[in-house]
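Peer 1: Sharing a sequence plus its predicted fold:
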Amino acid sequence: MRIVVLGSGISGLSTAAELLRARHEVIVVSAEPLTATTSFLAAAVWFPTAAGPAGRVRAWSETTFDHLAGLAAAGAPGVRMCESMALYREAPAIPEWSRSVRSFRPAEPGELPPGYTFGFRFAVPLVEMPVYLPFLSARVDAAGARRVLRAVRRLDDLVDLSPDVVVNCAGLRAADLVDDPDVYPIRGQIVRVANPGLSVSVRDEAHPLGRAYVHPRANDCILGGSLDTGEWDTAPDPGLTRSILRRCRDLVPGLAGSDVLETLVGLRPGRPTVRVELDTAVLPGTPVVHNYGHGGSGITIGHGCAVDSAALVAAL
């Protein structure tokens with residue numbers, strides 16, 4: 001079939017790759033270049049965040065974990081398995097996601113920073129999006145995808161492309177495209193600093209100043225962050241930058257002397273539940289498969305959602 005995939009972030013490109021693998025004709029339509037997508041800014045460490053429903057997210061997360069771990073083992077650019085640590089100030093229950101990660105164990109006392117008495121160690125995929133997204137995009141192109149760069153205000157703007165199916169991976173724009181009042185922005189601010197030699201990703205989801213994470217990459221570290229529901233402002237907040245630096249230095253004191261390279265803000269596509277489903281009413285005469293609303297879990301569930309989206313197309 002001829003399929004139009006709307007969106008070129010991690011969801012759109014992952015879905016396009018699955019559809020091309022099934023030998024469909026694929027046209028990827030996007031309003032902006034790859035570097036302008038929210039996905040390109042993402043810290044992108046596998047960790048279920050701000051997405052539901054729990055059962056489907058768990059299944060999508062496990063499918064995506066296996067896919068990314070396979071890419072890491074194969075040496076795909078920008079993808080590696082990363083030693084990680086979750087920190088707690090009070091004794092925690094075993095987290096639900098522990099069943100999906102590798103090498104899960106309690107942290108040793110000597111591994112914990114000052115002020116922390118509990119932690120878990122584990123390994124998860126880390127994806128450097130400025131490296132991996134261009135790689136994935138090139139694979140999609142090499143498999144035969146056609147690209148169209150245009151702003152789409154209504155789904156029927158795509159009719160001139162004569163699609164048999166439209167797959168809606170428009171992220172936050174889906175709110176207006178399909179009149180979905182359940183879509184909302186989740187503002188995320190991150191700080192990029194020089195990497196002083198770190199290799200372990202560290203997080204504290206309950207830091208008194210706000211959630212905190214340190215994700216080391218090849219040439220920098222991503223520090224975060226925020227989950228500000230309903231906030232549209234994309235201007236960096238200097239006060240929040242200072243707070244992020246302070247809380248992340250609590251997690252990793254070795255960051256104290258790292259130079260700040262830049263502060264970035266992205267708007268994650270939030271929704272009470274991720275929407276992966278067939279819709280035969282929104283575009284009369286053309287089935288639409290929705291794949292949006294991934295919250296802060298785009299890299300964590302993106303491949304799993306793409307596989308399910310492709311299965312919905314195959315069932316038509």
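Peer 2: Cool, the structure landed. Numbers count the residues shown, from 1 in each chain.

Peer 1: quick one: residue 147 and residue 137 touch, right?
Peer 2: No - using Cβ atoms under 8 Å as the test, residue 147 is too far from residue 137 to be in contact (9.1 Å). To be clear about C-beta, it is placed using only N, CA and C from the backbone, and glycine gets the same treatment.

Peer 1: which of the two has more neighbours?
Peer 2: Legend: neighbour count by other Cβ atoms under 10 Å for residue 147 and residue 137, higher for residue 137 (20 against 14).

Peer 1: a helix runs through the more buried one, doesn't it?
Peer 2: Yes - residue state for residue 137 (DSSP: H, G, I helix; E, B strand; the rest coil) corresponds to a helix.

Peer 1: number of nearby residues for the closest residue to residue 270 other than its chain neighbours?
Peer 2: Nearest residue to residue 270, sequence neighbours excluded (Cβ to Cβ, 6 or more residues apart in numbering): residue 186, at 4.1 Å. Residue 186: 21 surrounding residues under other Cβ under 10 Å.

Peer 1: quick one: residue 186 and residue 229 touch, right?
Peer 2: Yes - contact criterion Cβ under 8 Å: residue 186 and residue 229 qualify, at 5.5 Å.

Peer 1: Find the residues that touch each one of the two.
Peer 2: When contacts are counted by Cβ atoms under 8 Å, 6 or more residues apart in numbering, residue 186 and residue 229 have residue 270 as shared neighbours.

Peer 1: Touching, residue 267 and residue 184? I think so.
Peer 2: No - applying Cβ under 8 Å as the test, residue 267 and residue 184 come out as separate, 9.5 Å apart.

Peer 1: who does the helix or strand hosting residue 85 touch, helix- and strand-wise?
Peer 2: Counting by DSSP states H and E, the element that carries residue 85 is strand 79-88. When contacts are defined as 3 or more Cβ pairs under 8 Å, 6 or more residues apart in numbering; DSSP states H and E, strand 79-88 sits against helix 54-74, strand 118-127, strand 201-204.

Peer 1: run the last query once more with 10 Å
Peer 2: Packing partners of strand 79-88 (3 or more Cβ pairs under 10 Å, 6 or more residues apart in numbering; DSSP states H and E): helix 54-74, strand 102-106, strand 118-127, helix 129-142, strand 201-204, strand 212-216, helix 238-251.

Peer 1: and it, which strands flank it?
Peer 2: Using DSSP bridges, the strands paired with strand 79-88 are strand 118-127 (antiparallel), strand 201-204 (parallel).

Peer 1: Pick the most buried one from those.
Peer 2: strand 201-204 (a mean of 24; mean count of other Cβ atoms under 10 Å).

Peer 1: got the contact list for that one?
Peer 2: Contact with strand 201-204 is made by 43, 45-47, 82-89, 111, 113, 115-116, 119, 122-124, 126, 210-217, 221-222, 224-225, 247-248, 250-252, 255, as judged by Cβ atoms under 10 Å, 6 or more residues apart in numbering.

Peer 1: Narrow these to those that are buried.
Peer 2: 43, 45-47, 82-88, 113, 116, 119, 122-124, 126, 210-217, 221-222, 224-225, 247-248, 250-252, 255 (16 or more other Cβ atoms under 10 Å).

Peer 1: I'd say residue 268 and residue 298 touch.
Peer 2: Yes - in this structure, residue 268 is within contact of residue 298 by Cβ atoms under 10 Å, at 7.3 Å.

Peer 1: before we move on, back to that, what's the overlap in contacts for residue 147 and residue 137?
Peer 2: What both residue 147 and residue 137 touch, as defined by Cβ under 10 Å, 6+ apart, is the set 8, 16, 28.

Peer 1: Among those residues, which one has the most neighbours?
Peer 2: Neighbour tally across the shared contacts of residue 147 and residue 137 (other Cβ under 10 Å): the maximum, 31 neighbours, falls on residue 16.
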